[in-house]
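Colleague: The amino acid sequence is not available; the structure is as follows:
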């Protein structure tokens, strides 16, 4: 099994903290390479067959700044044959009309470039109006709300990682 590349962007540190929790839950540094997208070249995404993409939704339904900065560069990456999971942090109460939009934006782009999406997550237990991250009634990845539901984060990660291990064939 090749290592998993976990690429994240973070503004306040919340998404980075979640990325570290995911890395630990998946088996640590031996299994997952943690990559801050602001410090690597986008082409490094090509080094992994299994990817986890982490991005908070920023402002009103926007990508976090580092992901926004490389968004157009994603067009130059070959995602064919890549299995990709997504997770995001957001605020379902304060930004109910665009909760988790960032992972929806990235998933749409990457799946359009050949990436196979895994790790869909139920919308049950959330209170939001709209999201670009919902596809066929589920989030395209793990949706976390560190502002309003931080007490649910650890269990949600554990459950999602159990699902990902199966979908990644670990």
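Modeller: Yep, it's here. This structure is a prediction, so every number in the text was calculated from the model and none was measured. Numbering: from 1, shown residues only.

Colleague: Stretch 90-99: which residues count as buried?
Modeller: If you call a residue buried by 16 or more other C-beta atoms under 10 Å, then stretch 90-99 has these buried ones: 90-92, 95, 98-99. All C-beta spots, glycine's among them, are computed from the backbone N, C-alpha and C.

Colleague: Of the residues you listed, just say which sits nearest to residue 152.
Modeller: residue 92 (11.4 Å; C-beta to C-beta).

Colleague: So which elements touch the helix or strand harbouring residue 166?
Modeller: Here residue 166 sits within helix 153-168, counting by DSSP states H and E. Packed against helix 153-168 by the contact rule (3 or more C-beta pairs under 8 Å, 6 or more residues apart in numbering; DSSP states H and E) you find helix 14-25, strand 83-89, strand 116-118, strand 142-144.

Colleague: The same query, at a cut-off of 6 Å, please.
Modeller: Packing partners of helix 153-168 (3 or more C-beta pairs under 6 Å, 6 or more residues apart in numbering; DSSP states H and E): helix 14-25.

Colleague: tilt between the helix it packs on and strand 83-89?
Modeller: If you take axes from the mean of the first three to the mean of the last three C-alpha atoms, to 10 degrees, helix 14-25 sits at 130 degrees to strand 83-89.

Colleague: what secondary structure does residue 79 sit in?
Modeller: coil (DSSP: H, G, I helix; E, B strand; the rest coil).

Colleague: what residues are up against it?
Modeller: By C-beta atoms under 6 Å, 6 or more residues apart in numbering, the residues touching residue 79 are 110, 113-115.

Colleague: could you flag which of these are buried?
Modeller: Buried among those (16+ other C-beta under 10 Å): 110, 113, 115.

Colleague: where's the residue lying closest to the last one once chain neighbours are set aside relative to residue 111, distance?
Modeller: Counting by C-beta to C-beta, 6 or more residues apart in numbering, residue 115 lies nearest to residue 79, which is 3.7 Å off, once chain neighbours are set aside. Distance, residue 79 to residue 111, by C-beta to C-beta, to the nearest Å: 8 Å.

Colleague: which ones are touching residue 145?
Modeller: For residue 145, the contacting residues are residue 92, by C-beta under 6 Å, 6+ apart.

Colleague: same thing but 7 Å
Modeller: Residues near residue 145 by C-beta atoms under 7 Å, 6 or more residues apart in numbering: 90-92.

Colleague: in this protein, what spans have low per-residue confidence?
Modeller: Counting by pLDDT under 70, the chain shows low-confidence ranges at 1.

Colleague: Please repeat the previous calculation with a cut-off of 80.
Modeller: Applying pLDDT under 80 to the chain flags the ranges 1-2, 170.
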